[in-house]
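J.: give me a 3D structure for the following:
(chains A and B)
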Amino acid sequence: MSKYREIKKLDFPAFESEVLAFWKTNRIFEKSIENRAGSPSFVFYEGPPSANGLPGIHHVMSRTVKDIFCRYNTLKGYQVNRKAGWDTHGLPVELQVEKTLGITKEDIGTKISVAEYNEACRKDVMKFTDIWNNLTEQMGYWVNLNDPYITYENNYIESLWSILKKLYDKGYLYKGYTIQPYSPAAGTGLSSHELNQPGTYKDVKDQTAVAMFQLKEAGSLAIDTDLVYALAWTTTPWTLPSNTALAVGEKINYVVVKTYHPFTFQLCAVILAKDLLSKYFKQEQAELAFEAYNAGDKLIPFEVLKEVKGADLKGLVYEQLLPFAQVDNGKAFEIITGDFVTTEDGTGIVHIAPSFGADDFKVAKQHGIGSLTLVDKRGKFLPEVNDGTFLYGEEFVKEAYLTEAEKEAELFIQKEKLSGIIKDTSKLTYLSVDERIILKLQTEGKLFKKEKYDHTYPHCWRTDKPILYYPLESWFIKTTAVKDRLVALNQQINWKPAHTGTGRFGNWLENLVDWNLSRSRYWGTPLPIWRTENQDETKCIGSLEQLNAEITVSIEKGYMPKGFELKDFHKPYVDEIILVSSTGEKMFREADLIDVWFDSGAMPYAQWHWPFENEETFKNNFPADFIAEGVDQTRGWFFTLHALSVLLFDGIAYKNVIANGLVLDKNGNKMSKRLGNVVDPFTTISKYGADATRWYMLSNSDPWDNLKFDIEGVAESQRKFFGTLYNTYSFFAIYANIDGFEFNPDKLTSVASRTELDRWIYSKLQSLVKKVTTHMDAYDPTPACRAIEEFVSDHLSNWHVRLSRRRFWKGEMNQDKQAAYETLYECLLVTSQLMSAFAPFFSDWLYKNLNGSAQSVHLTDFPKVNESAIDLVLEEQMEYAQIISSLVLSIRKKENIKVRQPLKQILIPLVDASIQQKIDHVKDLILAEVNVKQLNFVDAIDKSIKPNFKVLGKKVGAKMKAVAAAILLLNQQEIIQLETEGGLSLSVENENINIELADVEIVSKEITGYKVASQGKISVALDIELDEALKQEGIAREIISKLQGLRKEQQFEVMDRIQIKIEDHDYIKSAINQFKMYICTELLANDIVFESAESLNHTIEVDENTVRISIHKA
RNA sequence: AGUCUCGUAGCUCAGGUGGUUAGAGCGCUACACUGAUAAUGUAGAGGUCCGCAGUUCAAGUCUGCGCGGGACUACCA
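T.: Presented below is the predicted three-dimensional model:
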């Protein structure tokens, strides 16, 4: 039986499943962890995917990145536990369930109970786990699927509660207001996720207004009129009754403009940004005389009175625009400054309604400005927004919330109320709140301008109605309290790529806001906070034990039924719990659930049910050495992990992180079901294999760059890299089996006694080990991958093996042959280890074929660099051999002389001594490779010189151009003088400049009478003259070549000996006689005899001569 | 709108600290090789290094301003 397995056909998916079966039966993954018991651990956290969606090709990407570093570090001697996890809560799950059940949120509590609904979520979320597990297995991702953490489990939730309690005790948990997207039609707040559903932002045409806010005291502006207005633009006039401030940009220039009021025609002054002046006032108006103006004229004259900075306007107060209600929670009707103010559009003065805009809210808070919230949660004005004419109280602020019938009814009322304002109400159509407010402003002399405006506005993706920004009460984590620590500790994290850490993540931390935990939903982790109805007393529960103790008290008090036991920590069960306050009052749970990102950010603790169990395990597995996810997780998982560990321990949660890019389609478009450009990972893997897919992804570009996924690229990886490596192995196997070679590590030929070629590839191999180690330690997988690729294809296969072929097939086993086998064997074996993290299947297949044992490459130790075997001089020598061979071949090509024709000599013009010596070392290799008899060095006739800019530039600086020109003008004599004397004085621009040898590059280009080719410093001349002996040898080799082809055509075995009969043809006769021995050896022929042509059944073409011939097995 | 990022051959990508003929692989064309052959070699075609301005003796590389693609965040008067 053959020692080394030979297979006929390459079928990647087939051998991958073979390896997979081997892993399973022999528990290789488990062993790879068990084997490292007691070793230092390399801690990895699995970012949990959600199992309610199907895996895509991008999951193969991120999991490949995770897998390679875990595998690599295992081989490096670490114990690498990998606990899988599932993210199970959240909106996508709810949506999926609603879709399946055909219900909407409104049906919860009526058509379906909360308990049933959540039960449906629990089942649905793990729907695709089998498919996920299949992918995990097939792609070769090693992660422990047997004991995953699942975020909906009671133990997991209990850990979350405990962490929340710790934060609560530290004073980091509070309840407060923020402005959030809110859908009155659906009666619910919306998350950013929901707002980013396709189609939520729609183009709408809104009625906008520039309102005039009359200043109370314009004295500080020192102008001669008291009637001064600040102009502010709004696209949402319905927020004007809730206006409490105006914002200006501190550094923006404003102008005070004297003009007439456009509707009351009074002389007045208005303030707006200088940059926007031309938007409201045309040049022709400036030329009008104030005295000539008559009330009602179309063109109104104006004059810029003075220019001020925003900072000068700060603190000015104005009359309330629409006084329906008064502010009781702060200052009001004051000009403040805000950095978000621009002069892009509007007037450069921003109307601030703190209740209806996030920026407004923030800036108001900073300046102690109070708020008015004159709209309720239904989206209707409060009753007091009623003036009997324009506004009637308790009406929807957005037209879109009304049905057509309701509008009809409203119109009827409007016609009546507005009859005093609008002359002809018969043609009146329904006027929106916005339109009526503008009408009111106009009537009251507070309107400067109105116009329609096209912009995009977010809509509720479920009801299709426009959303409002509305103040909602939520629970927050005070992340801003530890902002400085978050920023400082981020410095300790090694981000790949670095800019994601400093840029995207760093900036995010710099602009941190408190973490809004609240979600008004059903399927998620309930907030463990109970409060009395008057909100005076709050309890945060941190464990089941504590909760049970509290429940006992409550049962005693009679607030809860006897025997109550909490079996499921979700809604609605937790809401049945009523606790007792210190004063004996009932306490109810705060209705919110918490943000699912808290679930995943707390996985370092909750995956172990810490702090209730596994104290040791937790300690040994915190923080993580390495995590990796898509860059879209920067402000998601990467942040929540970081935030929680800083809040809890003032430390980092992970030391190294790779934020990998997106996987796009081959045209660079995002993959989406809608475009139909989604790549199915299973199809790809089953067609090309997991290894080729993984290899393609990593070798193509750095993981943090976006990958344009092209299936052709996978095919290329398979062909190019795996194909070549397979070929190399199978070449080895064929001959090793013939020769009965067996690798014996105890009886190795010493490296020193091997041939230069062997020592060279061995040195290359050691350099490769070094490179791969360096790159992998730096979390740079792509250069590591490319280095392996280069080694296998360029160095091992295309140079070492190609040049060594004869050593394998010639003659009996001897020292040199032994060394050749050993060298190739070691290269293949080490390669299998180096590539094992990237291509876990093929590497194991290769390793086991070489080893003939049941051991897996994944249980071995990563190769250590043998520094002493790295011979850089040798590597350089071989580079010369490759360059010179390539040059000779290119001359042959140009001259149309085939490689089979031996040539007399290669001439190399004298270069410096060290290079000459290096070339001399590899002379024989070159001669054999290019089929030339001799290599000699000659003195060149023509030399050319050019400046070495890098060296010379430093020396002569600005005179560079002139000096360079002078050098190029040097003649042969001067060049030789420079060479022999080592220096030359040049006169440039009346100055003597001394040129040394190092300042220039001298190249020999021409050798009279020979064909020359050159690359860089090396030139090669080829003597292409043929004498009779060379011609005859050429013919002999031609015959050999043709007969080899015939052997193969006849399907003779490699080892078969043959008998040759050949036509007595003039063209070949003398060559055969002269080279009979040589020909016979090459062809494994016992003899060659001449016969008459008729008896021979084949023909071969030898240099355009047809020769009859026949061969048979001897 | 802001932040980050990318832009080099038809495609995928290399191009330390600035240095003068800008590279590789794939693809294409032609030729060769043929005891690894679904491999290999050689040659050829193919570039406004996104644009403009600046710094410099010298810019693919450094700076500024733009343009285009992508991601994230925000959504604004």
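J.: give me the pLDDT value at residue A:196.
T.: pLDDT recorded at residue A:196 is 60.
J.: hang on, I meant residue A:911
T.: As predicted, residue A:911 sits at a pLDDT of 65.
J.: ok, now residue A:1007?
T.: Model confidence at residue A:1007, given as pLDDT, is 67.
J.: same question for residue A:188.
T.: The score at residue A:188 is 72. That number is its pLDDT.
J.: ok, it - contacts?
T.: Remark: with contacts taken as C-beta atoms under 8 Å, 6 or more residues apart in numbering, residue A:188 is in contact with A:105, A:182, A:520. Every C-beta, even on glycine, is put in place using the N, C-alpha and C of the backbone.
J.: the domain parsing of chain A - what is it?
T.: Using automatic domain parsing, the domain parsing of chain A gives A:89-125, A:193-458, A:528-591, A:709-853, A:942-1006, A:1028-1113.
J.: how long is the fourth one end to end?
T.: Between the start and the finish of domain A:709-853 there is a gap of 37 Å, counting by C-alpha to C-alpha, to the nearest Å.
J.: what's the answer for the first one, then?
T.: Between the start and the finish of domain A:89-125 there is a gap of 8 Å, counting by C-alpha to C-alpha.
J.: quick check: next helix or strand after the longest helix seen in chain A?
T.: When chain A is scanned for its longest helix (criterion: DSSP state H), the result is helix A:872-895. Going down the chain from helix A:872-895, the next helix or strand is strand A:903-909, by DSSP states H and E.
J.: picking that back up, so which of the contacts of residue A:188 are in helices?
T.: Applying DSSP H to the contacts of residue A:188, no entry is found in helices.
J.: if we can go back for a sec, so which bits of the longest helix of chain A are buried?
T.: A:874-875, A:877-878, A:880-885, A:887-889, A:891-892 (16 or more other C-beta atoms under 10 Å).
J.: ok, now stretch A:543-551?
T.: By neighbour count with 16+ other C-beta under 10 Å, stretch A:543-551 contains the buried residues A:543-544, A:546-547, A:550-551.
J.: next: stretch A:243-252.
T.: Going through stretch A:243-252 with 16+ other C-beta under 10 Å, the ones that come out buried are A:243-250, A:252.
J.: and those residues as CSV, adding secondary structure?
T.: Conversion of the buried residues of stretch A:243-252 to CSV gives the following (DSSP: H, G, I helix; E, B strand; the rest coil):
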residue, secondary structure
A:243, coil
A:244, coil
A:245, strand
A:246, strand
A:247, strand
A:248, strand
A:249, coil
A:250, coil
A:252, coil
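J.: relative to residue A:578, which of those residues is nearest.
T.: Using C-beta to C-beta, the shortest approach to residue A:578 within the buried residues of stretch A:243-252 belongs to residue A:244, at 39.4 Å.
J.: stretch A:1022-1033 vs RNA strand B: in contact?
T.: No. Judged by C-beta under 7 Å from any atom of the strand, stretch A:1022-1033 and RNA strand B are separated, with a smallest distance of 12.7 Å.
J.: for that stretch, measure first residue to last.
T.: Distance between the two ends of stretch A:1022-1033: 18 Å, counting by C-alpha to C-alpha.
J.: who touches that stretch?
T.: The contact list for stretch A:1022-1033 (C-beta under 8 Å, 6+ apart) reads A:888, A:891-892, A:895, A:897, A:901-907, A:932-933, A:1010-1013, A:1034, A:1070-1071, A:1074-1075.
J.: what subset of those is buried?
T.: Here, 16+ other C-beta under 10 Å leaves A:888, A:891-892, A:897, A:901-907, A:932, A:1010-1013, A:1034, A:1071, A:1075 buried among the contacts of stretch A:1022-1033.
J.: of the residues you listed, which are in range of RNA strand B?
T.: Applying C-beta under 7 Å from any atom of the strand to the buried ones among the contacts of stretch A:1022-1033, one finds that nothing falls near RNA strand B.
J.: give me the most central residue, chain A.
T.: Within chain A, the residue whose C-alpha comes closest to the C-alpha centroid is residue A:661; the distance, by C-alpha atoms, centre = their mean, is 1.3 Å.
J.: just give me the neighbour total for the closest residue to RNA strand B within the stretch 201-350 of chain A.
T.: Sorted by distance to RNA strand B under C-beta to the nearest atom of the strand, the residues of the stretch 201-350 of chain A start with residue A:234, at 2.6 Å. For residue A:234, the tally of surrounding residues (other C-beta atoms under 10 Å) stands at 22.
J.: how about JSON lines for the buried residues of stretch A:243-252, with distance to RNA strand B added?
T.: As requested, the buried residues of stretch A:243-252 are exported to JSON lines (distance: C-beta to the nearest atom of the strand, whole Å):
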{"residue": "A:243", "distance to RNA strand B": "9"}
{"residue": "A:244", "distance to RNA strand B": "13"}
{"residue": "A:245", "distance to RNA strand B": "11"}
{"residue": "A:246", "distance to RNA strand B": "9"}
{"residue": "A:247", "distance to RNA strand B": "7"}
{"residue": "A:248", "distance to RNA strand B": "9"}
{"residue": "A:249", "distance to RNA strand B": "8"}
{"residue": "A:250", "distance to RNA strand B": "13"}
{"residue": "A:252", "distance to RNA strand B": "10"}
